[in-house]
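1. Return a 3D structure for these sequence lines:
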Amino acid sequence: MTIDKAVPSIAILGWCDRATKIEGTHPALAHINIQVLSPSRVSHFFPVDLRGTTFIVGMYSPKLGDSFSVEFQHSDGSKAFDFVLNLNGIQVFDQDTAEYRRLEGNLDVQMGWTFQTLQIQNNLLILKPDSFKAVLKSGGQEQFLGTFHLLHSSLPLTPQIKLQH
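-> This next block holds a predicted model:
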């Protein structure tokens, strides 16, 4: 994908606490159940491992072969982490058979916005709280997608209770 539009065809909607893919539903119903979507995450401890963290990503009219490279940068501009999305398969719901089928070839199917969960599968250690700028990278160009925050929250101190026997 080359960046030649004023508006990117990918959006990162935020970090998600829970996202579940719903299989076998009618196409008019939701296919992903998304709960607690936010541009911020809070941790009581640092460094923190982001393994298992889920992002919700939206893509506008994706086509087979599309590729998106997104880099998250620390507030000082250095690279924190990145991911690459390669679309090597698209499924559509077939009304006649009431099943999903793989879309073969680049048929001219207008899909609008589609949404996908993206979970960090590897260990990803973040050393300190920070704000991260997400940018779409292509052909030496960068396009700003949004800002995401990883914040620190102190644990409340509780008094110690001595039990007498």
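2. where does the chain dip in pLDDT?
-> Across the chain, the ranges flagged by pLDDT under 70 are 1-5, 23-31, 92-93, 105-110, 157-162, 165.
3. can you give me the strands for this protein?
-> 10-21, 32-38, 40-43, 48-49, 54-60, 67-73, 79-86, 91-94, 99-102, 113-119, 125-126, 130-138, 141-152 (DSSP state E).
4. How far away from the center of its chain is the second one?
-> Mean-position distance between strand 32-38 and its chain equals 11 Å (Cα atoms, centre = their mean, to the nearest Å).
5. Could you shift the numbering so residue one becomes 689, and keep it that way?
-> Renumbered: residue one is now 689, and that last one reads strand 720-726.
6. Show me which positions of that strand end up buried.
-> Ile722 (16 or more other Cβ atoms under 10 Å). (Each C-beta comes from the backbone N, C-alpha and C, glycine too.)
7. Pipe the strands of the chain into JSON lines and attach distance to Leu851 per row.
-> Converted to JSON lines, these look like this (distance: least, Cβ to Cβ, whole Å):
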{"stretch": "strand 698-709", "distance to Leu851": "36"}
{"stretch": "strand 720-726", "distance to Leu851": "37"}
{"stretch": "strand 728-731", "distance to Leu851": "32"}
{"stretch": "strand 736-737", "distance to Leu851": "34"}
{"stretch": "strand 742-748", "distance to Leu851": "41"}
{"stretch": "strand 755-761", "distance to Leu851": "47"}
{"stretch": "strand 767-774", "distance to Leu851": "46"}
{"stretch": "strand 779-782", "distance to Leu851": "59"}
{"stretch": "strand 787-790", "distance to Leu851": "59"}
{"stretch": "strand 801-807", "distance to Leu851": "43"}
{"stretch": "strand 813-814", "distance to Leu851": "39"}
{"stretch": "strand 818-826", "distance to Leu851": "42"}
{"stretch": "strand 829-840", "distance to Leu851": "32"}
